[in-house]
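Peer 1: Here is a sequence with its predicted model. Questions after.
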Amino acid sequence: MPIIFSYPQISTVSNQDLFVISRTSSGIPQTKSVEAEDISTYVKSTVDLNFEGDTGSAVVNLNTQSLSIEGTANEIETVATQGNSRGIITIGLPDNVTITNNLEVNGTTRLTVLSFANDTAAGAGGITSGTLYQTDGTGAAPLNVAGILMIKQ
């Protein structure tokens with residue numbers, strides 16, 4: 001593996017500035033010239049990013065492709081930003097998460113259940129059929145007690 005070193009430090013590399021000293025099979029050092037463009041082409045063509053997901057894997061050629069991390073609507077959000085010395089990807093949950101199948105929660109779970117006088121008031125408040133709500137105690141008997149759990153009809 002070649003080591004690239006410059007003393008004094010040079011700020012701009014031109015093609016005539018580069019050379020490689022290598023040993024041949026006979027052990028005699030040889031000096032060969034190499035152009036900056038050749039090094040750039042070599043590095044760019046051999047820099048791949050390999051990655052894996054929960055299922056599947058892929059390779060991104062960093063010279064010709066970019067890596068895209070995509071979220072799913074109402075499930076995952078992604079934000080890409082450029083920091084001072086690095087790119088940053090933030091992955092998170094939106095404020096309102098949609099789960100299309102079952103949700104299993106371990107530990108303590110706290111739910112907020114909206115309160116309404118009755119089924120009609122719940123509908124007017126935006127509650128849709130099959131959604132849980134509770135009475136607020138202002139409805140007619142027997143719904144004049146707060147905290148009765150109801151399912152919107």
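Peer 2: That came through, no problem.
Peer 1: only C-alpha atoms for contact and neighbour calcs from this point on.
Peer 2: Noted.
Peer 1: What is the subsequent helix or strand relative to the helix or strand hosting residue 121?
Peer 2: According to DSSP states H and E, residue 121 maps onto helix 119-124. Moving toward the C-terminus from helix 119-124, the next helix or strand (DSSP H and E) is strand 132-136.
Peer 1: So what are the sheet partners of whatever helix or strand comes next after that next one and their directions?
Peer 2: Downstream of strand 132-136, the first helix or strand assigned by DSSP H and E is strand 146-151. Strand 146-151 pairs in its sheet with strand 132-136 (antiparallel), by DSSP bridges.
Peer 1: can you count the residues close to residue 91?
Peer 2: Counted with other C-alpha atoms under 10 Å, residues neighbouring residue 91 total 14.
Peer 1: who are the neighbours in contact with it?
Peer 2: Counting by C-alpha atoms under 8 Å, 6 or more residues apart in numbering, residue 91 touches 76-79.
Peer 1: Quick check on the residue nearest in space to the middle of the chain: phi, psi?
Peer 2: Nearest residue to the geometric centre of the chain (C-alpha atoms, centre = their mean): residue 91, 4.0 Å. Here is the backbone geometry of residue 91 (degrees, to the nearest 10): phi -120, psi 130.
Peer 1: Could you verify my assumption that residue 118 touches residue 137?
Peer 2: No - contact criterion C-alpha atoms under 8 Å: residue 118 and residue 137 do not qualify, at 9.1 Å.
Peer 1: any common contacting residues for those two?
Peer 2: residue 143.
Peer 1: thinking again about what came up before, buried ones only from the contacts of residue 91, please, as a ChimeraX command.
Peer 2: This is the ChimeraX syntax for the buried subset of the contacts of residue 91, where burial follows 16 or more other C-alpha atoms under 10 Å:
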select :77
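Peer 1: and the contacts of residue 91, which of them are in helices?
Peer 2: Assigned to helices by DSSP state H, none of the contacts of residue 91 qualify.
Peer 1: just curious, which of the contacts of residue 91 is nearest to residue 111?
Peer 2: residue 76 (21.2 Å; C-alpha to C-alpha).
Peer 1: what sits against the closest one?
Peer 2: If you count contacts by C-alpha under 8 Å, 6+ apart, then residue 76 has 91-94 around it.
Peer 1: Per-residue pLDDT of it, please?
Peer 2: You'll see residue 76 listed with a pLDDT of 88.
Peer 1: and if you look at the one 3 residues further on?
Peer 2: Reading off the confidence values, residue 79 has pLDDT 89.
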